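Undergrad: fold the following and give me the result.
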Amino acid sequence: MSLRAEINSALKQAMRDKDARRLSTLRLINAAIKDREIALRGSGEEESLGEADVLAILGKMVKQRQESARTYEEGGRLDLAARELEEIEVIEEFLPRKLDDKEVSAAIDAAVAEVGASSIRDMGKVMGALKARHTGQMDFGAVGSQVKARLAQG
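TA: Numbers count the residues shown, from 1 in each chain. Here you go, the predicted structure:
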């Protein structure tokens with residue numbers, strides 16, 4: 001079953017269960033996907049998004065909610081922070097399992113070998129290979145510094 005089908009199935013189940021919070025989050029996910037499709041249509045690209053595109057949208061949604069939760073906590077609005085964390089839980093149900101540090105390191109080594117990277121100038125190729133294979137499984141912001149360090153070693 002595709003990721004979009006899973007999301008729609010979960011949305012229908014949330015409606016049947018009358019789970020308002022979950023339903024709201026699932027509707028936000030669908031809206032974000034539709035917004036992205038509309039933007040692509042406007043730029044003349046293909047209309048339908050692939051699994052990697054949907055995973056990227058979900059990853060971005062999680063990051064936005066983490067930032068919001070942090071801001072709410074700093075502002076003393078723990079009720080709003082808790083709501084953001086609940087939304088993160090629902091979104092993460094559709095993301096693949098995060099890789100641990102050893103797996104991330106192995107993935108970086110494999111990507112470096114795959115693209116034949118030999119210097120820091122090849123960082124874009126390595127990051128592209130990692131994103132193609134591991135979208136949603138690692139934080140690419142954090143991985144970028146590891147890739148840079150690995151390429152600096154030569």
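Undergrad: show the contacting residues for the spatially most central residue of the chain.
TA: For the chain, Gly59 is the residue whose C-alpha lies nearest the centre (CA atoms, centre = their mean; 1.8 Å). Applying CB atoms under 8 Å, 6 or more residues apart in numbering to Gly59 gives the contacts Leu95, Thr135, Gly136. C-beta: built from backbone N, CA, C; applies to glycine.
Undergrad: name the helix or strand for it, please.
TA: Using DSSP states H and E, Gly59 maps to helix 51-74.
Undergrad: quick check: domain ranges of this structure?
TA: Segmentation of the chain into domains, based on automatic domain parsing, reads 3-92, 101-153.
Undergrad: which of these comes out lowest on mean pLDDT?
TA: Here the lowest mean pLDDT among those goes to domain 101-153, at a mean of 84.
Undergrad: quick one, helices of the protein?
TA: For the chain, applying DSSP state H gives helices covering 3-17, 20-42, 51-74, 78-92, 101-115, 123-134, 140-153.
Undergrad: and the angle from the second one to helix 3-17?
TA: Going back to what we said before, that points to helix 20-42. Put simply, helix 20-42 runs at 150 degrees to helix 3-17, going by axes from the mean of the first three to the mean of the last three CA atoms, to 10 degrees.
Undergrad: buried set for helix 20-42?
TA: Across helix 20-42, burial judged by 16 or more other CB atoms under 10 Å covers Arg22, Leu23, Thr25, Leu26, Ile29, Ala32, Ile33, Arg36, Glu37.
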